[in-house]
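> have a look at this prediction, sequence included:
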Amino acid sequence: MKSLLAQWPRIAAPLLVALLILGGWEWAVRAYDVPPYVLPGPAAIGAALVQEWPLLSRSLWMTLQVTAMALAASAVLGLLLAILFAQSKLIETALFPYAVILQVTPIVAIAPLIIIWVDQVWLALLLCALIVAFFPVLSNTTLGLNSADPNLHDLFRLYGASRWQVLTRLRLPSALPLFLAGLRISGGLALIGAIVAEFVAGAGGAESGLAYRILEAGYQLQIPRMFAALALVSVAGIAIFAALSLLSRWVLRGRE
Amino acid sequence: MAHSVLLSGVSKRYANGTQALEGIDLAVEEGEFLSLLGPSGCGKSTLLRIVAGLIPASGGQVEVRAARRGETGFVFQDATLMPWASAIGNVMLPLRLSGIARREAEPRAAEALAQVGLSGFERSRPRALSGGMRMRVSIARALVTRPRLLLLDEPFAALDEITRHRLNDDLLSLWERTRFTAILVTHSVFESVYLSSRIAVMAAHPGRIAQELAVDAPVPRGAEYRTSAEYAALCREASHALSRAMLKEAA
Ligand SMILES: Nc1ncnc2c1ncn2[C@@H]1O[C@H](COP(=O)(O)OP(=O)(O)O)[C@@H](O)[C@H]1O
Ligand SMILES: [Mg+2]
């Protein structure tokens, strides 16, 4: 109870800022008679959100699906690669540069190729989001696997622990906090990757995600709908980050 | 009496060229409590790690009669617990690593925790325990395999004085009861005189044993021993030996 009371500014303060900004925005749009196809006010955007909800919610669902799959694949791939890297310095030095190359190459530059090469649109989107998202998990987990207390390493050696025991009972548990921190970053990146890939793919139809709705609304000059889709992207990003933060706190409860 | 540890002419040179130890001759008898007393950097930890088999010596002979798995226990300066495991999970570790099933390991770990006065704290995570309690968990973990040789590397250095005295007493009574061989690294003259049956005073650059002192006071030792003339005299003697060792090093 006390902690809730102590935490209220953490929720109330940003909300207050949001109210001020939205209020000022609405006022400015009305006061200066800005046409809605240039800049709609929050009220118009809210109305568009309600009116277009069937369409937008389907697209939100599509985007979230790609994001979630990319995040799950990042977690698994990042973890497995990190475990592989942790097996020998040679493997790590041989492969890590390629992970970095994949990370630093702008996804907009690779996405068209992937979309040409991969027939299924959803798979192409998933691959793009995965390329953007997996690196933080990989680099954090690699760091985490090497972060175990050296004295604990000695203790394991003293008791004749096998490589497997060192991995499962010492290195993986030591890596967990950093793995989860990496996952939190990857969550946001997976969403960004999915959106960027959708933009590049430009796939229309019933199966398209939020990015396509933004493009489409732009072509049709349905700017309130465009902003509504944009707002959904932001809210999804915040929700993913919050959910992963909660997951991390829950998993690490009781630790130092 | 049989030797538990026998070192002859042991030296250690680290890869970066530091000569950490040179010409160490040391015999530790079974059931003896030996303290290694010396200033920081004189190679005490290095010596202990060589005895534990964690690092190889660069020269000389090392014989340890507790080389099998679980026959040597090690206590570090920090409690070195796994933060993700409960107290009993930490104490079970040596047993679990040697393939003993949880069912069998758990009562033995609980018994070891009881030995160090931590019954009732089995499920506590390390962060919920005080520094002294964490060190007790660490000692219980070292004792759970019933080692023949217990190596302690400045185990109480980070604790406050009251806690340190209490843990000194508990360690001493555990030793009386089970008579493992103990090698304790310390830079506290008082601790070495209070606990051990023999003190090896070390000097640095290169690390070597400068002098050995026998501590003949009988066990059990208690508060009276701490205030006795005999204790005071021994502390003075050990202090002088330590100063001499450090002087020689400066010269
Ligand atoms: N892994 C290492 N590599 C190089 N030098 C080391 C290493 N460990 C310790 N030393 C050096 O060896 C000497 C003895 O160290 P140590 O055994 O830790 O001393 P003590 O425990 O008595 O403080 C010191 O000069 C220290 O810097
Ligand atoms: Mg040391």
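Sure thing, it's come through. Ligands and ions are numbered 1, 2, ... in the order given.

> pLDDT weak spots in the stretch 151-251 of chain B?
Along the stretch 151-251 of chain B, segments meeting pLDDT under 70 span B:249-251.

> and the strands in it, which stretches?
Using DSSP state E, counting those that start in this stretch, the strands of the stretch 151-251 of chain B run over residues B:181-186, B:198-203, B:208-214.

> name the helices or strands packed onto the longest one?
If I follow you right, that is strand B:208-214. strand B:19-29, strand B:198-203, helix B:229-250 (3 or more Cβ pairs under 8 Å, 6 or more residues apart in numbering or on different chains; DSSP states H and E). Every C-beta, even on glycine, is put in place using the N, C-alpha and C of the backbone.

> check which helix or strand the closest residue to B:E30 other than its chain neighbours maps to.
For B:E30, ignoring the flanking residues on the chain, the nearest one in space by Cβ to Cβ, 6 or more residues apart in numbering or on different chains is B:S4 at 4.7 Å. B:S4 is part of strand B:3-13 when elements are defined by DSSP states H and E.

> so what's the closest residue to ligand 1 within chain A scoring on pLDDT?
Proximity of chain A to ligand 1 (Cβ to the nearest ligand atom) peaks at A:P150, 9.9 Å away. Turning to A:P150, the model gives it a pLDDT of 95.

> what about it, neighbour count?
10 (other Cβ atoms under 10 Å in any protein chain shown).

> against B:Q61, how distant is it?
In this view, A:P150 and B:Q61 are 27 Å apart by Cβ to Cβ, to the nearest Å.

> contacts for the strand holding B:S4, please.
B:19-32, B:43, B:46-47, B:50-51, B:55, B:57-66, B:148-149, B:181, B:183, B:206-207 (Cβ atoms under 8 Å, 6 or more residues apart in numbering or on different chains).

> so for that strand, mean pLDDT?
Strand B:3-13 comes out at a mean pLDDT of 93.

> distance from that strand to the middle of the chain?
Counting by Cα atoms, centre = their mean, to the nearest Å, strand B:3-13 is centred 17 Å from the centre of its parent chain.

> do stretch B:63-71 as well
That offset, for stretch B:63-71, works out to 15 Å (Cα atoms, centre = their mean).

> what does that stretch rub up against?
A:159-160, B:2-7, B:30, B:51, B:53, B:72, B:94, B:98, B:145-149, B:181.

> buried subset of these?
A:159, B:3-7, B:30, B:51, B:72, B:94, B:145, B:147-149, B:181 (16 or more other Cβ atoms under 10 Å in any protein chain shown).

> chain B contacts on chain A?
A:149, A:151-152, A:154-161, A:165, A:169-170, A:173, A:176, A:254-256 (Cβ under 8 Å from any Cβ of the partner chain).

> could I get the buried residue list for the host helix or strand of A:R225?
Per DSSP H and E: A:R225 is located in helix A:223-251. Residues of helix A:223-251 classed as buried: A:223-233, A:236-237, A:240, A:244, A:248 (neighbour count, 16+ other Cβ under 10 Å).

> and of these, the nearest to B:G131?
A:S248 (27.1 Å; Cβ to Cβ).

> so that closest one sits against A:G182, correct?
No - using Cβ atoms under 8 Å, A:S248 makes no contact with A:G182, being 10.2 Å away.

> elements contacting the helix holding A:R225?
Right, helix A:223-251 is packed against helix A:42-51, helix A:53-87, helix A:172-201, helix A:210-219 by 3+ Cβ pairs under 8 Å, 6+ apart.

> would TSV of those with mean neighbour count and mean pLDDT be doable?
As requested, the helices and strands packed on helix A:223-251 are exported to TSV (neighbours: other Cβ atoms under 10 Å in any protein chain shown; pLDDT from 0 to 100):
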stretch	mean neighbour count	mean pLDDT
helix A:42-51	17	93
helix A:53-87	19	94
helix A:172-201	23	94
helix A:210-219	20	90
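
> ok, the spatially closest residue to A:L189 that is not a sequence neighbour - contacts?
Nearest residue to A:L189, sequence neighbours excluded (Cβ to Cβ, 6+ apart): A:A133, at 4.3 Å. Contact partners of A:A133, counting by Cβ under 8 Å, 6+ apart, are A:A70, A:L71, A:S74, A:S186, A:G187, A:L189, A:A190, A:G193.

> pLDDT value on A:A133, please?
Reported pLDDT for A:A133: 94.

> same for the strand or helix carrying B:L150, what does it pack against?
Applying DSSP H and E as the criterion places B:L150 in strand B:149-153. For strand B:149-153, the elements it packs on are helix B:44-52, strand B:72-75, strand B:181-186, judged by 3+ Cβ pairs under 8 Å, 6+ apart.

> how close does the closest residue to B:D169 other than its chain neighbours get to B:L184?
Nearest residue to B:D169 in three dimensions, chain neighbours excluded: B:G222, at 7.2 Å (Cβ to Cβ, 6+ apart). Applying Cβ to Cβ, the value for B:G222 to B:L184 is 18 Å.

> so what's the residue count around B:A233?
11.

> no wait, A:Q103
By other Cβ under 10 Å, neighbour count at A:Q103 equals 16.

> likewise for B:E237?
17.

> that one contacts B:A214, correct?
No - at 10.3 Å, B:E237 does not count as touching B:A214 under the criterion of Cβ under 8 Å.

> what residues does the stretch 101-250 of chain B put near chain A?
Going by Cβ under 8 Å from any Cβ, the residues of the stretch 101-250 of chain B near chain A are B:R125, B:P126, B:R127, B:A128, B:T145.

> next up, the contacts around the first one.
When you say that, I think you mean B:R125. A:G254, A:R255, B:P83, B:A85, B:S86, B:A87.

> what about 7 Å?
A:G254, B:S86 (Cβ atoms under 7 Å, 6 or more residues apart in numbering or on different chains).

> now B:V219: how far from chain A?
Counting by Cβ to the nearest Cβ, to the nearest Å, the gap from B:V219 to chain A is 28 Å.

> need the contact list for that residue.
Taking Cβ under 7 Å, 6+ apart, one finds B:L172, B:E176 in contact with B:V219.

> same thing but at 6 Å, please
Shown in contact with B:V219 (Cβ atoms under 6 Å, 6 or more residues apart in numbering or on different chains): B:E176.

> relative to B:L37, how far out is it?
19 Å.

> can you check B:L242 too?
6 Å.

> who's more crowded, these two?
Taking neighbours as other Cβ under 10 Å, B:L242 and B:L37 compare with B:L37 leading, 29 against 22.

> how close does the closest residue to the more buried one other than its chain neighbours sit to ligand 1?
Excluding the flanking residues, the one nearest B:L37 by Cβ to Cβ, 6+ apart is B:S192, at 4.6 Å. As judged by Cβ to the nearest ligand atom, to the nearest Å, B:S192 and ligand 1 stand 14 Å apart.

> okay, and for the stretch 1-150 of chain B, where does confidence drop off?
Applying pLDDT under 70 to the stretch 1-150 of chain B flags the ranges B:1.

> for the residue of the stretch 51-200 of chain B found nearest ligand 1, list each beta-bridge partner.
Closest approach between the stretch 51-200 of chain B and ligand 1, counting by Cβ to the nearest ligand atom: B:V185, at 6.5 Å. Per DSSP bridges, the residues bridged to B:V185 are B:L36, B:D153.
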